[in-house]
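Participant: Sequence first, then the predicted structure, then my questions.
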Amino acid sequence: MISKIIKYAAAACLFGVFLALAAPKPSFAATSLEFGARGDAVVSLQQALIKQGLLSAGLATGYFGGQTLAAVEKFQCNKNIVCTAAIEGYGIYGPATQAAMQIALAPTQPATITGMYSESSMTPAATGAFETSGWLPYWRISSSTLDVTPHLSQLTSAMPFGYTMTSDGKLQDTAQIDAGTWDAFIAAAKAAHTRVVPTVMWGDGAAIGAVLSDSAKRTALEDEIVGAVKKHDFDGIDIDFEAKQASTINYFSTFLQELYAKMGKKWVYCTVESRMPLEDRYLTGTTIPDDATEYANDYIAMNKYCDRVEVMAYDQGTVDHRLNPVRSAPYAPVADPGWVEDVVRLAAQTISRNKLIIGIPTYGYEYSVIPQGNGTFKYTRLWPFNPKYATDLAAQLGIVPQRTSASEIGFTYDPNKVATQKPDDTDEVETQQQSTPTTSVTLNLGSQLGGGNTPFNYVTWDNAQAIQEKINLAKELHVRGVAFFSLNGGEDQGMWGLLPSR
């Protein structure tokens, strides 16, 4: 949500080797360390240097001497931070070097899909009941609760969306839960035996890093979250921290580990941005950057400390370099099932499928598209929308929406025939699209459209049929379930007929 999301994946049962793998938790210095320093922070630095093969074992003495200095300088040079005494900071373990060390210590995780899409390349198939869940956005409390209440028996979990964060790490009751706004809905959910798991959303990467790397602030945040869960007797909490910096990876894992222990029998759901395989991010023959696998989320730790891991499998747009040239234009989907499958298969190499939940969009996007010739198209993202905007626009233009090459529903139109303006009935929260360019040029498999180089607008969204296809995909991949963003009354109401009662 700061993308759009929800999280669930199955119980805290972990399989085989995944139980033994925990994220490293070095307690690094909050301030810089340099020659002559002493103390526990220096020990942590020396242990990290030993792991990197830059300092001999047994030299974690707690004193920053000549050998530690040489090791820090070598590390800085290896990471292209600074490589000469002529530049300030050489040999000093400061913020940039500390951040690089966090990334260097992160566990190696799969970056490509192995085993030719074989079942054996993933964790064991989910064995629990198939789960369906959804987020209820705080900016549409009335319509969301009115929409979902009659269908609570069809949902495993309901996710009030929720709590937000201040820059200094304090919980904000943006949804006015303390004011009793949600009391009737929560009571109805409990009567229907539907879990109530509010979301805590945070999209300020720098602030997240600053708070989680400070043990006192991190502990205070954990305690505040646990306190809110206990106060309202929620069934759990949904952690949706997005746009994190790669240097935060181990601090976030420590946060999840500590929160998981404090939550006891309450559920910890974790929302995670879509992680694309390298083969989807870079075309064959392309030079892959050194930092391409510097991730902000440790899937190994999430597998251990999250009861559910919901992958935000939406907001694809034009980012998939493998699919763009083999799909017919216009092609800027919310979530192509082929892309969703790759995202999930990559995650399922590390995360138990008994915990994995596929996030399904209930909304769409409009683009301005300019054909560039030679099969290329320039896409400019205009705005997200709820389906009624699209169906009303199609009716106004006398257009019958068609299935797209991404198995969604959509249509094109001449913007000169109707004034285009941002729809009133749209989501107000940023999406994962915020991290991608607003305008991009991609190569597609030609176009099924006429009109040569004439610009047009493209409207695409997930209707009930597209949602059904993604539910089917979740079952074919044997993951734990699906979650919808968002349930606010604006989604295609036909989707409710796809979900059986529990």
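Facilitator: Looks like it arrived, so ask away. Numbering: from 1, shown residues only.

Participant: can you give me the strands in the stretch 301-450 of the chain?
Facilitator: Chain-ordered strands for the stretch 301-450 of the chain, with DSSP state E, counting those that start in this stretch as the definition, fall at 308-312, 356-361, 364-373, 376-385, 402-403, 409-413, 439-443.

Participant: Y138: which of these is closest?
Facilitator: Evaluated over the strands of the stretch 301-450 of the chain, closeness to Y138 peaks at strand 376-385, with 16.8 Å, by C-beta to C-beta. C-beta here means a position set from N, CA and C on the backbone, and glycine is covered the same way.

Participant: tell me which residues of that closest one are tucked away?
Facilitator: Of the residues in strand 376-385, those buried under the neighbour-count criterion (16 or more other C-beta atoms under 10 Å) are F377, K378, Y379, T380, R381, L382, P384, F385.

Participant: May I see these arranged in TSV, with pLDDT and distance to N324 as well?
Facilitator: What follows is the buried residues of strand 376-385, written out as TSV (pLDDT from 0 to 100; distance: C-beta to C-beta, whole Å):
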residue	pLDDT	distance to N324
F377	94	9
K378	95	13
Y379	96	10
T380	96	16
R381	94	15
L382	93	19
P384	93	21
F385	94	23
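
Participant: Residue ranges of each domain in the protein, please.
Facilitator: For the chain, automatic domain parsing gives the domain ranges 16-20+112-283+294-494, 40-105.

Participant: Of these, which is nearest S501?
Facilitator: That would be, of the domains of the chain and by C-beta to C-beta, domain 16-20+112-283+294-494, which comes in at 4.6 Å.

Participant: How far away from the center of its chain is that closest one?
Facilitator: Domain 16-20+112-283+294-494 has its C-alpha centroid displaced from the chain centroid by 7 Å (C-alpha atoms, centre = their mean, to the nearest Å).

Participant: what comes into contact with stretch 283-301?
Facilitator: 18, 21-23, 103, 106-107, 109, 111, 205, 244-246, 248-250, 252-253, 256-257, 272-273, 275, 278, 281-282, 309, 321-322, 347, 350-351 (C-beta atoms under 8 Å, 6 or more residues apart in numbering).

Participant: Stretch 494-502 too?
Facilitator: Contacts of stretch 494-502 with the rest of the structure, by C-beta under 8 Å, 6+ apart, involve 129, 132, 151, 153-156, 193, 362, 463-464, 467-468, 471, 484.

Participant: can you give me the helices in the stretch 51-200 of the chain?
Facilitator: Counting by DSSP state H, counting those that start in this stretch, the stretch 51-200 of the chain has helices at residues 66-78, 95-105, 141-148, 183-191.

Participant: Quick one: closest of these to D336.
Facilitator: For those, distance to D336 was read as C-beta to C-beta. The smallest value, 26.7 Å, belongs to helix 141-148.

Participant: Show me what that closest one is packed against.
Facilitator: Using 3 or more C-beta pairs under 8 Å, 6 or more residues apart in numbering; DSSP states H and E as the contact criterion, the neighbours of helix 141-148 among helices and strands are strand 131-137, helix 183-191.

Participant: Mean neighbour count and distance to L445 added to those, as CSV?
Facilitator: Rendered in CSV, the data for the helices and strands packed on helix 141-148 read as follows (neighbours: other C-beta atoms under 10 Å; distance: least, C-beta to C-beta, whole Å):
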stretch, mean neighbour count, distance to L445
strand 131-137, 27, 34
helix 183-191, 15, 45
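
Participant: As a markdown table, these with distance to F456 and mean pLDDT would be great.
Facilitator: Compiled in a markdown table, the helices and strands packed on helix 141-148 are given as follows (distance: least, C-beta to C-beta, whole Å; pLDDT from 0 to 100):
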| stretch | distance to F456 | mean pLDDT |
| --- | --- | --- |
| strand 131-137 | 31 | 97 |
| helix 183-191 | 42 | 97 |
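
Participant: Ok, which of these comes nearest N303?
Facilitator: Nearest of the helices and strands packed on helix 141-148 to N303, taken as C-beta to C-beta: strand 131-137 at 17.1 Å.

Participant: Need the CA coordinates for that closest one. PDB is fine.
Facilitator: Coordinates of the C-alpha atoms in strand 131-137 are reproduced here as PDB (Å, rounded to 0.1, in the frame of the first residue of the first chain):
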ATOM      1  CA  GLU A 131      -7.400 -18.800   1.900                       C
ATOM      2  CA  THR A 132      -9.000 -15.700   0.500                       C
ATOM      3  CA  SER A 133      -8.400 -12.300   2.000                       C
ATOM      4  CA  GLY A 134      -8.600  -8.600   1.200                       C
ATOM      5  CA  TRP A 135      -7.700  -5.100   2.300                       C
ATOM      6  CA  LEU A 136     -10.200  -2.500   3.300                       C
ATOM      7  CA  PRO A 137      -8.700   1.000   2.600                       C
END
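
Participant: wait, which of the helices and strands packed on helix 141-148 is closest to L59?
Facilitator: Where the helices and strands packed on helix 141-148 are weighed against each other on C-beta to C-beta, the nearest is strand 131-137, at 50.0 Å.

Participant: Mind listing the strands the closest one pairs with, and their directions?
Facilitator: Based on DSSP bridges, the strands next to strand 131-137 in the sheet, each with its direction, are strand 157-165 (parallel), strand 481-485 (parallel).

Participant: what angle separates it from strand 356-361?
Facilitator: Between the axis of strand 131-137 and that of strand 356-361 there is an angle of 50 degrees, by axes from the mean of the first three to the mean of the last three C-alpha atoms, to 10 degrees.

Participant: What is the helix or strand that contains E469 packed up against?
Facilitator: Assignment of secondary structure by DSSP states H and E places E469 within helix 464-476. The helices and strands touching helix 464-476, judged by 3+ C-beta pairs under 8 Å, 6+ apart, are helix 337-347, strand 356-361, strand 481-485.

Participant: wait, which of the ones you listed is closest to E222?
Facilitator: Comparing those against E222 with C-beta to C-beta, the closest turns out to be strand 356-361 (23.1 Å).

Participant: Alright, that wraps it up for me.
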